[in-house]
Structures are given as structure tokens and as C-alpha cells.
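Visitor: give me a model of this one.
(2 chains)
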Number of protein chains: 2
Amino acid sequence: MISLTIIGNNSAVPAFGRNPTAQILQCEGKAFLIDCGEGTQWQLSRHGIKKSKISHIFISHLHGDHYFGLPGLLTSLGLLNHNKDIHLFGPPLLESLLELQFKASSTTLPYTLHFHALEEDGPIANTEHFIASCFKVKHGIDCWGFRFDQKKKARSVIAERAHAYGIPFSFFPQLQDGMDYKHPKGTIIPNEEVTSPASAPVSYAYSADTVFEPSLAEKFKGVDLLYHETTYLKNQEEKAKQRMHSTSEQAASIAKLANVKKLIIGHFSSKYEDLAPFLEEARAVFTNTDLATEGTTFRLNQD
Amino acid sequence: MISLTIIGNNSAVPAFGRNPTAQILQCEGKAFLIDCGEGTQWQLSRHGIKKSKISHIFISHLHGDHYFGLPGLLTSLGLLNHNKDIHLFGPPLLESLLELQFKASSTTLPYTLHFHALEEDGPIANTEHFIASCFKVKHGIDCWGFRFDQKKKARSVIAERAHAYGIPFSFFPQLQDGMDYKHPKGTIIPNEEVTSPASAPVSYAYSADTVFEPSLAEKFKGVDLLYHETTYLKNQEEKAKQRMHSTSEQAASIAKLANVKKLIIGHFSSKYEDLAPFLEEARAVFTNTDLATEGTTFRLNQD
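Guide: Numbers count the residues shown, from 1 in each chain, chains lettered A, B, ... in the order given. As a prediction, this is how the structure comes out:
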């Protein structure tokens, strides 16, 4: 199963029990952490997610509510003797910041932290299950959105039928890749005869913090799940523009333009206690919308 | 009333609901923050302490569990349009770290943050109510303890008596300072005749993180309240030494040597769920000991 769990959904100053941005994308025991606001290590425990599962971390930008929890998380993993590599993606300055913090505390991590600076739109990681890409969004400072496309999965070999056609085990990997089998006598066994198709790969996109920018729809095109920020309600459109954020209606318009399957909205301003109006305004434009409430897990597939 | 509230009492990795180090020393509506582990801004709210009261912040050293909450706290105060000056005391590198973080986020604080680098033992701040001093302790990295001595308070003028002796109002400030009054005719009115003494000034000392170091007792001499770290229990004395921390028994020995009135102990290792043995071991050496449990307020005087 591939799923996304919301760890923090608030903007800047924590309010009404809501925490700054963090999300966890999970697939088969591995986890990607997307942004890491202050307190993320507590929130992960609270929501029953083991820090040690995290193999990749993606930091969208260097406003504190998106990364002030990172030094603490990396340090705690070190103190817990974590020994698996971690790949960290973020704006170039993040590396200097962490280096200075580790230097100040004489910290030597017991695991390898591979830093990858975000510099241009395009693929940034090719992992077991996903191709991860980044793209620039429009915010007050250098800021990146992310897209995670599940790799095409192998077809399932129907072993009985393959045996009946005399196909050797050694050819099964090629069958999984979709190849036909050519019998030594010349007969061709079409792949579809001896395999069943894998479920369609899924995709997730994360807008990070951005002003309304219709051209971004291209980056989110057709994803199964889109998270788009909605710091303000519709009646604060002018303020949203000034502060380089979006409204609920704008997030929903992008989802519609990008023809995504489902939209979730978050990064709510600390001035709002009641989030129902966000959902109402977004659903008026794009029906399949949900609030990115903390602790909620959205399943991207049923495998 | 002068009081100390414990905000976080755990070492390094958060555990059993305990948070990294932070304490608040309060006097007449003003607050000093002593260390600021990750999540301090949440813990302050949880314990009903307004961030906006904080006028001085003292950071003992640059291990993350003592300052990773600082950038977030300072940023949140900015976003909340805090406009009163804040004085920050800490190791020199802290200034560069904060500057780099503010630069990365294009943050301009709406209040003035005065940074004071800790460089040698001695007084560092002369505030309305306290003289604050710092002193080097012995830890893995550059680390400072703090001592807060309440200023001698003014004596109270017994107005009726002062009038009866014909002492003019204009001399009252000198009476409060303890001076005798010399009558124009030459008679001397002893100060004690027309004033009552102020309550004795109180003092608080904070050990920060330190290995057992008996010579530090000199720095804590006679304080009303001493906080001393006790990362480990007595049977882990060797480990405590290796990691430059103290045991409960060692903390109590220092309290005894320094002849303090009361001792509180904290900075418990994440390996301990039950804190009762810490108290037991410390009380065996120094009876007037309490655990620095989170949310507890210790009163330093009854004014």
C-alpha cells in the first residue's frame, strides 16, 4: 500500500493544536518525509510512525515552519544509533546550515546523510518504488514543489499457464517486464496469455508554499493525489497574493486545471480556528477535496 | 513573587512525554528563558506562559536539546509582531547560526534582538530585578552555567514615623537605600527608626550540562535554589563521566558542598521512565531535593 500521512498542516505560528508542515509518504516499510516543521519528531511518534523508516527527506524551502524540526530529527536519529543512509533534498543553503549546527555541537552522525541541492526542475531521485521530481513554485523565497511517480510495476506471471506453455523459470523476469516468449520451436507465446497486469502506478504531488500560479497545473497533471496549500480563504485573496500564498478557491482551480483525481488542502493560517469554510470553498470548485487534517492517512492505492 | 517553572527536563531524545531542556524564571510580569529545546514554544503555551513576557534568553551551549527551539520561538514572536527588545546570551557561534537562518528565510524581526556572546565568567546582565552571571562548566563542548541574584530590595519607609521626625518626602529614596537622616538641627535619625527591612534577596543557579566538578560548588554558593543536571543514576557513574554528565548522587553532593537551600534535579536520560530512583538517591545525600518535573513552579520567595 502507498499512503500519505499528514503530520503537520498549519502555517508559520502553531495554533489550535495544529503543527507546522510535515508529511509522510509510505510504501512497503519505507518512508519519505516531506518538509519537517519544528516538533516533527514528536508528531511522528504521536501518529505511530517510526523515525527509523525514513530513507528520504524533501525540504521545500527555508521558512522555519518547513524545516526547523530537521536538525532535531537528524540528531535524534544519530543518538538512537540509526545506521541506514538518509538522502536529503533541499535548497543549497540547507547544507551549510546543518553543517554549522553539527559543527557547533561536535556531532558526528553514525549514518551517512547524502545532501542533494535542489537547483533545477526535473527528476531528483530514482528509488525502489518512485521517481521523485522537483519543480520551482512561486513563493517569497526560493521554494520547490515535489512530485512522486510510482514506477511501473511488474506484471504477475500466472505460473501454471507459463509451465503449460513450457516457459522456463529463467524467463519469468522478462515475462514480468511484459515480453512475449519465443519458443525454441518458433512459436510465440503472447505475454498477456501467461501474465496478469499490475495495478496502475500512482502519483502524488506536493505544492509546497506558492502563490496562485495556473502554469503549475502542468506539474501536477493527472496525479492521483495533489496537496495544495490554502493559507487563506477566498475573501483574503489580496493578502494571499501579497504574502505569496493561495486561497482555497485557487487551490481547487489548480486541481481542476491539472485534472487530478483528488485534492487535499492545508497550510492553514493561524488566524483560522474553524477549517470547514476552506473545505466548502474548495469543494464548490473541485468536488473531490479533503482537508489535510493531522493524523489522517490518505491511501493512494489498495495493493 | 519570583518563581521558576520547568518547561522541559529531558536530555537529548524526547521520551516518556518529557521534553528537552527549558526553564522560565519569572519576576513581576517579566520572564527569563533559560535554554530552549525544540518545542519550547508549544510547552510555554501548554503551561500558560506568554512568549511575549520573555525579555532575556540564556542559552547554555549548542547541543540541540538546549537550543533547537530558539529559531522557531524568535520567528513566531516576529510573526506575532512582538515589539519589545530581547536580550540573548549564548556561545558566540549562536549568533552566526541565527543570522544564517534569518538570511535563508529573508526574515526581518520587528523587534531588536541584542546578542551577547558568553566569553568569560562574571556578570552578564544587570536587569531591573537581577544581576545575571555566567560561569564555565565542564561538558563535551563549550558550556555555561548561569546564576541569577536578585538585587537588594529597597527598605520600606514607615511614612507616619518619618513625618513625625520631620523627614521630607524628598529624602525618602535615600531612606529606602538605608541611609540615616541628618536633621538640619544636627540630630541624626537612624534609618531603622523610620523604615522596615525588605525581604532578603533570593538567588537561583543553573548548572546546565556538566560532569561532576566539585569546584563548581563555589559558583552555586548559598543559593536559594540550585538546578543541577542528573542525566544518570549512581550505578552509571562511569558512563556519566565519559559523556560529561552527572549522577543524582553527584548533583546532591554539589548542593551539599555549596550549602544551597534547595536542590532540583533534571536532564534525565531517555533510558529512564521511572524518575523516583533519582530522587531517592539524591535525597540520601541532600534532603531538600525535588525532581524538576515539567510544569512544576518553584517559588523563590513569598512576596
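Visitor: chain center to the helix or strand that contains residue A:160: distance?
Guide: Following DSSP states H and E, one finds residue A:160 within helix A:159-164. How far helix A:159-164 lies from its chain's middle: 39 Å, per C-alpha atoms, centre = their mean, to the nearest Å.
Visitor: tell me which residues are up against it.
Guide: A:172, A:175, A:181, A:193, A:194 (C-beta atoms under 8 Å, 6 or more residues apart in numbering or on different chains). C-beta: built from backbone N, CA, C; applies to glycine.
Visitor: which SSE is immediately downstream of that helix?
Guide: Past helix A:159-164, the next helix or strand by DSSP H and E is helix A:172-176.
Visitor: show me what that next one is packed against.
Guide: strand A:156-157 (3 or more C-beta pairs under 8 Å, 6 or more residues apart in numbering or on different chains; DSSP states H and E).
Visitor: name the helices or strands packed onto the strand it packs on?
Guide: helix A:172-176, strand A:195-196.
Visitor: show me what that strand pairs with in its sheet, parallel or antiparallel.
Guide: strand A:195-196 (antiparallel) (DSSP bridges).
Visitor: what's the mean pLDDT across the partner strand?
Guide: Average pLDDT, strand A:195-196: 94.
Visitor: how about low-confidence regions in chain A?
Guide: By pLDDT under 70, chain A has no low-scoring segment.
Visitor: how about the residues of it near chain B?
Guide: Counting by C-beta under 8 Å from any C-beta of the partner chain, chain A comes close to chain B at A:12-14, A:38-39, A:41-42, A:45, A:62-65, A:68-69, A:71-72, A:75-76, A:79-80, A:91, A:93-94, A:96-97, A:100-101, A:103-107, A:140-141.
Visitor: where does the most far-flung residue of chain A relative to its centre fall, secondary structure wise?
Guide: Residue farthest from the centre of chain A, counting by C-alpha atoms, centre = their mean, is residue A:185 at 48.8 Å. Using DSSP H and E, residue A:185 falls within no helix or strand.
Visitor: ok, back up a step: got the helices and strands packed on strand A:156-157 as JSON lines, with distance to residue A:49 and mean neighbour count columns?
Guide: Shown next, in JSON lines, are those (distance: least, C-beta to C-beta, whole Å; neighbours: other C-beta atoms under 10 Å in any protein chain shown):
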{"stretch": "helix A:172-176", "distance to residue A:49": "31", "mean neighbour count": "16"}
{"stretch": "strand A:195-196", "distance to residue A:49": "33", "mean neighbour count": "16"}
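Visitor: dump the ones you listed into JSON lines; add distance to residue A:224 as well.
Guide: Shown next, in JSON lines, are those (distance: least, C-beta to C-beta, whole Å):
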{"stretch": "helix A:172-176", "distance to residue A:224": "23"}
{"stretch": "strand A:195-196", "distance to residue A:224": "21"}
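Visitor: so which of these gets nearest residue B:214?
Guide: Distance to residue B:214, taken as C-beta to C-beta, is lowest for helix A:172-176 among the helices and strands packed on strand A:156-157, at 69.4 Å.
Visitor: what about the strands in the stretch 101-250 of chain A?
Guide: Using DSSP state E, counting those that start in this stretch, the strands of the stretch 101-250 of chain A run over residues A:113-117, A:122-126, A:130-136, A:144-150, A:156-157, A:181-182, A:188-189, A:195-196, A:203-206, A:225-229.
Visitor: re the thing from before, could you export the contacts of helix A:159-164 as TSV, including distance to residue A:8?
Guide: Below are the contacts of helix A:159-164 laid out as TSV (distance: C-beta to C-beta, whole Å):
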residue	distance to residue A:8
A:172	44
A:175	44
A:181	51
A:193	50
A:194	47
